[in-house]
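Peer 1: I would like to see how this sequence folds:
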Amino acid sequence: MRVGVVGGGLAGALLAWRLRESSDRVRVEVVARDRSRADASEVSGGLVRGFELDPEVGRDAADGLAEVRGDARLREWSGYREIGSSYLVPRGVDPAGSVRVVDERLPGSAEVVGAAELRRRFGYRELRDDAVGVLERHAGHLSPARLRDSALAWAVEHGVHLVRSTARLLDGPALRTSDGVRREYDALVVAAGAWTPGLVDHGGELRAKQIQYGVYRIDLPGLGAFVDDDTGLYGRPWGDGTFLLGLGCDRWDQAPEDVRPDPVLADRVAAEARRRFGVTADVPPPELLVASSDCYRTPPGLRLRPAGPGVFTFTGGSGGAAKTAVAASRIAAGELLTSF
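Peer 2: As a prediction, this is how the structure comes out:
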């Protein structure tokens, strides 16, 4: 069986690793463009946790986190650090079902708390009195770029063929690389992140959106990783006296190569962080501001999905695929191996 994987980001690299590790009868070729600029794997803040509002996404997130925590090689590859997290749930959402999903895979990791506890332990301000948060002891962050590079290096060392090139899909599970060579496979998986919508017919399910974060010098003691689903603000400690902070962006359908950092959004992030955590001092401009784009899908979920005879996509979620890619790549590899 010959499998082609278009894209050398986190999803594509993990899929190539899973396929090669699972079976000696599979020949895998990864076609990935040169890294002339930062992709989503390098820009991602790398927050990982088990709790998600969508229990299906949460199962992948919790399974992946449990695997990383239990596998010394994955911990080394990813640079995983367990620092705990808090997740502020939107009004009217009952988190009990999603918390049970976490507890089945990471027993004792998650607990539900109210507004008073969020204020006392983490410094949240301007919370409604009925606010609900989910705390996770085993959550933390990793480096998607480091995990991608490590998995791809292992795969190449163990027989996966890496072609640095752009690609154009042809009829059937085939593509043409920039050197003019036609490459044919039994199965072709497009895991090209934000470039995927421009490569395959996806029926409008996939869209690229800008993602951006900044590293700010701001004092948020004891906070750890967090997601505030009321405002869209998220972040984690970065270094001594600095915090990685981001906010949802509404720049859709830009060509990935045209994405540039948005200073207006960076200012909004700082203002929201000051308000939410009661910071009275001015926050200087970010010491680091980076932007890229990622692929989103409705409904969300990183899954292998058919896109034509022998052709699949493996991309598209709700952003932040670092949470789910470890488990989703194992599932996708299993589906490919049992389908052919």
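Peer 1: contacts, neighbours, all on C-alpha from now
Peer 2: Will do.
Peer 1: Can you tell me the closest non-neighbouring residue to A115?
Peer 2: Nearest non-adjacent residue to A115, counting by Cα to Cα, 6 or more residues apart in numbering: A131, 5.0 Å away.
Peer 1: What is the burial count for that neighbour?
Peer 2: 17 (other Cα atoms under 10 Å).
Peer 1: so it touches D94, yeah?
Peer 2: No. Under the criterion of Cα atoms under 8 Å, A131 makes no contact with D94, lying 11.0 Å away.
Peer 1: which residues are in contact with stretch 150-160?
Peer 2: Stretch 150-160 has contacts (Cα atoms under 8 Å, 6 or more residues apart in numbering) with 8, 13-14, 16-17, 20, 27-30, 77-78, 162.
Peer 1: Oops, could you answer that again for stretch 195-211 instead?
Peer 2: 40, 43, 168-169, 190, 194, 248-256, 259, 291-298, 307, 313, 315-316.
Peer 1: which residues touch the residue nearest to A115?
Peer 2: Going by Cα under 8 Å, 6+ apart, A131 touches L88, V89, P90, R91, G114, A115.
Peer 1: Look up how far G58 lies from it.
Peer 2: 21 Å (Cα to Cα, to the nearest Å).
Peer 1: Next: V93.
Peer 2: From V93 over to G58 the distance is 15 Å, taken as Cα to Cα.
Peer 1: higher neighbour count, those two?
Peer 2: When V93 and G58 are compared for neighbours, G58 comes out ahead with 22 against 9, by other Cα under 10 Å.
Peer 1: Which ones among the contacts of stretch 150-160 map onto strands?
Peer 2: R27, V28, E29, V30, L162 (DSSP state E).
Peer 1: before we move on, back to that, can I get the buried part of the contacts of A131 as one ChimeraX selection?
Peer 2: The ChimeraX selection below is limited to those of the contacts of A131 classed as buried (16 or more other Cα atoms under 10 Å):
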select :88,89,90,114,115
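Peer 1: Okay, and which of the contacts of A131 map to helices?
Peer 2: A115 (DSSP state H).
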